[in-house]
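Novice: next come a sequence and a model predicted from it.
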Amino acid sequence: MADKTVKPNDQDQTIHGIVIRSSVDSGSIIGITPPKQDKRFFLLGPKDIKGENRIEVFGDELPLFASTDISYRGQPIIALFGPDAETVEVKSREIEIDFQLSADVKPYHHKHKHSPIVYRWGDLTSGFEQSASTFERTYVDRRVWTREDTITRVTTWMEDGLLKVQTPTQWPFHVRDTVAEVCGKTKRSVVVYPLPHFSPKDEKLINPSILCAIAALATLRSEKKVQLASRFPTYKSPLTITRKTALDEKGKPIAEEVKAIVDQGAFPLFTAQLFKQVLAGLVPLYALDAFSATVTIVESHMPPSHFFGELGYSSALFSTEAHTSALARNRESNPSNWRIKHYIDSPERSGVLETLPVSKMKDLITDTCNVSDFSRHYAVYELQRKSKQAISTFLNYSRGIGMACGAGISGFSINSPLHSAAKISITLDAKNRVLINSSYFASRKTTSLWRSIVAKELSVEKENIVFIEPNTSEMVDTGPEVLSLDVERSVMMISQCCSAIKAKRFQEPLPITESVTAKSALPNISSPMFSSKNWGCLILELGVNTITLEIEARRVWGRFSFKNVPDIDRLRVKFRHIINTILHECNIIPVHRDGVSPLMDIAVDTLGADSYPSSATSALRAMVMAACSAALSQALNCDATTMPITSEDIIGYIRREG
């Protein structure tokens, strides 16, 4: 691929900047003492903004600079600019900011009120009144964060009357719109050049827009090229989910009440989609006469949270599958037999998430249990759990085995405005080249799949398929890059573009250009919020070292079924990588022993249906967490319902057992 780095024309001098951030969680700004007078430096703050002091994110918003109140530690307050990065860093130490600390200072008040979302069916009150017993557990997916491996560096400059921006970003059109709004410019006068980046936790989703807006203000003030660099952690929202289930005399669930609380920090982002993704993961596969799920977003003095790979589906599905295993354990029933007995297709669940038939899931459960000898392992570890001294420091280990199932989703809900408006354009030119126009960064995972589809549909060589060099003056708006994980949607759009070109080929002169939005590619408008074309079942065996408190993953078995898989071998490799990553994130060490079967036994089958491929990444994350929870609960004879697990958690479980 060609070098996509834009080298702006040298101006008289490039100035460099640094963002001065809050050192307190909450409070009020009393005063700011600037550095000693020096004409080489200047400060930018809220009063210097020519447009709006806000960053809008899909209906939600947060301030660019804090005006008076501080809402979270690390919130931008001002920015300092000078001749070079080193002197700016030194000069910034002279700035003094006085705060009045107060626990009563409320976060920024939003224009949009985020009322809880509720999904229910049946008579919940009657269900609990008629129940023989109830079973309640609380599941927590803790707040986690990641610091970028590389510093985000943005460059802004003026050229031919245009304000130009160069930055690594997962959402170039958001950068353009933000810069235009903050600087009081038209969108046509702002051009963004996206740079290559690696953002496994969506580190380049919102922060580049913040930095580019600040740098652009400095360019307008100084009329010079500006470089601004910063590194700020990316946070994931913690979810606390309480599930209360009413059971009849035989232990069959008849009603369930679920309450999910999501802490999105000081400024909730992507709330409309978070509500729907969490809800999709909360509806269980077992039959219920009545069900109620309430999802509530709360604010705190923590930095804003956004995708971090996904928007809550995996956390919700983790609670659903961990609760299913807990229900089976409560009835002293084998979790696989319990699932096969109680899992059914239901119209209520299909209204939220359309899946393959549950009968296919039951086949996967049977296959995975057979290859892992789950029933025997589970029975042995149950005997250990019920012994007088279940956790023995003399034996130095305690073992458990757990399972989880799920259907994968990705991207935004079908009725999302960002989903339906996303566009991809394809051009077939006179040289038999195919030009793909998309604002997604052309990563290898995207280009290889799209190239294979276009080559097949249009009968062209893969070498003749080119991705248009990215800049927002020519690119179509495909939405945030996280939507590229929605394989089914993007492939559907690519296929429709190719079909439209084939219909005109040899009928009209070249070049032929066709574009399609996700909305026009949808099969019908009455579809549920999400659709999944895959099932998965995962079983995990682990051991807890009661001396070092380390948790070791001993074996992992996974069986997955897809309607369509372009490359099964590549998918298996990807699943192994994801499982390893999630195990480490949960503080569980994958261990391979010499002379023992491979650590992971992963198999994928395809139904060979005429369908588009789909993603299972978010479901796989949930399955790993839920299987770990079930296995740890058996190994430690407790309710291990919080992930990631810590050594302090294990000490607490052991002391409780002792």
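Specialist: Everything's here; your move.
Novice: can you pull out the low-pLDDT segments for this protein?
Specialist: Counting by pLDDT under 70, the ranges of the chain that qualify are 1-12, 102-113, 148-149, 388-397, 418-419, 442-445, 483-485, 522-526, 594-597, 657-658.
Novice: tell me, what residue is most central in it?
Specialist: Glu310 (1.5 Å; Cα atoms, centre = their mean).
Novice: can I get stretch 178-186 as CSV, trimmed to CA atoms?
Specialist: Written as CSV, here are the backbone C-alpha positions of stretch 178-186 (Å, rounded to 0.1, in the frame of the first residue of the first chain):
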residue,chain,number,x,y,z
THR,A,178,-15.5,18.4,15.7
VAL,A,179,-12.8,20.7,14.4
ALA,A,180,-15.3,22.6,12.2
GLU,A,181,-17.7,23.1,15.2
VAL,A,182,-15.1,24.1,17.7
CYS,A,183,-13.3,26.5,15.3
GLY,A,184,-16.4,28.0,13.8
LYS,A,185,-15.6,26.7,10.3
THR,A,186,-17.7,25.0,7.7
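Novice: test my guess that the residue nearest to the centre of the chain contacts Ala616.
Specialist: No. Using Cβ atoms under 8 Å, Glu310 is not in contact with Ala616; the gap is 11.8 Å. C-beta: built from backbone N, CA, C; applies to glycine.
Novice: helices of the stretch 451-600 of the chain, start to end?
Specialist: Under the criterion DSSP state H, counting those that start in this stretch, helices of the stretch 451-600 of the chain are mapped to 487-504, 518-521, 568-585.
Novice: can you point out the buried residues in the last one?
Specialist: It refers to helix 568-585. 571-572, 574-576, 578-580, 582-583, 585 (16 or more other Cβ atoms under 10 Å).
Novice: quick check, distance from it to the centre of its chain.
Specialist: 16 Å (Cα atoms, centre = their mean, to the nearest Å).
Novice: who's in contact with Gln130?
Specialist: 246, 248, 254 (Cβ atoms under 8 Å, 6 or more residues apart in numbering).
Novice: and Gln507, how far from Ala500?
Specialist: 12 Å (Cβ to Cβ, to the nearest Å).
Novice: higher neighbour count, the two?
Specialist: Shown here are Gln507 and Ala500; by other Cβ atoms under 10 Å, Ala500 has more neighbours (16 against 8).
Novice: how about that one: what's its closest non-neighbour residue?
Specialist: Glu514 (4.1 Å; Cβ to Cβ, 6 or more residues apart in numbering).
Novice: kindly report the same for Arg576.
Specialist: In space, Arg576 is closest to Met600, 5.3 Å off (Cβ to Cβ, 6+ apart).
Novice: and for the one you found, the neighbour number?
Specialist: 19.
Novice: could I get the full set of strands for the stretch 101-250 of the chain?
Specialist: 117-121, 133-141, 145-146, 152-159, 162-168, 190-195, 226-230, 234-236, 239-247 (DSSP state E, counting those that start in this stretch).
Novice: and stretch 263-274, end to end?
Specialist: 11 Å (Cα to Cα, to the nearest Å).
Novice: stretch 156-171 now?
Specialist: 17 Å.
Novice: after the helix of greatest length in the chain, which helix or strand is next?
Specialist: In the chain, assigned by DSSP state H, the helix with the most residues is helix 617-636. Using DSSP states H and E, the helix or strand that follows helix 617-636 towards the C-terminus is strand 642-643.
Novice: with just CA atoms, put whichever helix or strand comes after that next one into CSV.
Specialist: Next helix or strand after strand 642-643 toward the C-terminus (DSSP H and E): helix 647-657. Extracted C-alpha coordinates of helix 647-657, given in CSV (Å, rounded to 0.1, in the frame of the first residue of the first chain):
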residue,chain,number,x,y,z
SER,A,647,-5.5,-12.3,44.2
GLU,A,648,-7.5,-10.3,46.8
ASP,A,649,-10.7,-11.9,45.6
ILE,A,650,-9.2,-15.3,45.9
ILE,A,651,-7.9,-14.6,49.4
GLY,A,652,-11.4,-13.5,50.4
TYR,A,653,-13.0,-16.7,48.9
ILE,A,654,-10.4,-18.9,50.7
ARG,A,655,-10.9,-17.2,54.1
ARG,A,656,-14.7,-17.4,53.7
GLU,A,657,-14.3,-21.2,53.0
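Novice: show me what helix 647-657 is packed against.
Specialist: Under the contact criterion of 3 or more Cβ pairs under 8 Å, 6 or more residues apart in numbering; DSSP states H and E, helix 647-657 touches helix 617-636.
Novice: wait, isn't Pro357 in contact with Ser346?
Specialist: No. Using Cβ under 8 Å, Pro357 is not in contact with Ser346; the gap is 11.7 Å.
Novice: when these two are compared, which one has more neighbours?
Specialist: More neighbours surround Ser346 than the other of Pro357 and Ser346, with 17 against 10 (other Cβ under 10 Å).
Novice: quick check: phi and psi at the closest residue to that one other than its chain neighbours.
Specialist: What sits nearest to Ser346 in space, not counting adjacent residues and going by Cβ to Cβ, 6+ apart, is Ala287, at 6.5 Å. Main-chain torsions, Ala287, degrees, to the nearest 10: phi -70, psi 140.
Novice: likewise the one 4 residues further on?
Specialist: In this entry, Phe291 is assigned phi and psi values of phi -150, psi 140 (degrees, to the nearest 10).
Novice: number of nearby residues for it?
Specialist: 24.
Novice: how much space separates it from Val258?
Specialist: Distance from Phe291 to Val258, by Cβ to Cβ: 8 Å.
Novice: check Glu89 too.
Specialist: Glu89 is 49 Å from Val258, by Cβ to Cβ.
Novice: for Cys497, same thing?
Specialist: In terms of Cβ to Cβ, Cys497 sits 41 Å off from Val258.
Novice: ok but Glu56 is inside a strand, no?
Specialist: Yes. Counting by DSSP: H, G, I helix; E, B strand; the rest coil, Glu56 falls inside a strand.
Novice: that one bridge partners, please.
Specialist: Glu61 (DSSP bridges).
Novice: verify the stated contact: it with Thr178.
Specialist: Yes. The pair Glu56 / Thr178 is scored as a contact, 7.4 Å apart, by Cβ under 8 Å.
Novice: those two: which is more packed in?
Specialist: Neighbour comparison, Glu56 and Thr178: the larger count goes to Thr178, with 28 against 14 (by other Cβ under 10 Å).
Novice: ok, now which ones touch the nearest residue to the more buried one once chain neighbours are set aside?
Specialist: Nearest non-adjacent residue to Thr178, counting by Cβ to Cβ, 6+ apart: Ser209, 4.2 Å away. When contacts are counted by Cβ under 8 Å, 6+ apart, Ser209 is found next to 55, 169, 171, 174-175, 178-179.
Novice: hmm, back to that, what about the strands of the stretch 101-250 of the chain, which gets the closest to Val604?
Specialist: strand 133-141 (26.3 Å; Cβ to Cβ).
Novice: from the contact counts, what lies against that closest one?
Specialist: Counting by 3+ Cβ pairs under 8 Å, 6+ apart, strand 133-141 packs on strand 239-247, helix 313-330, strand 642-643.
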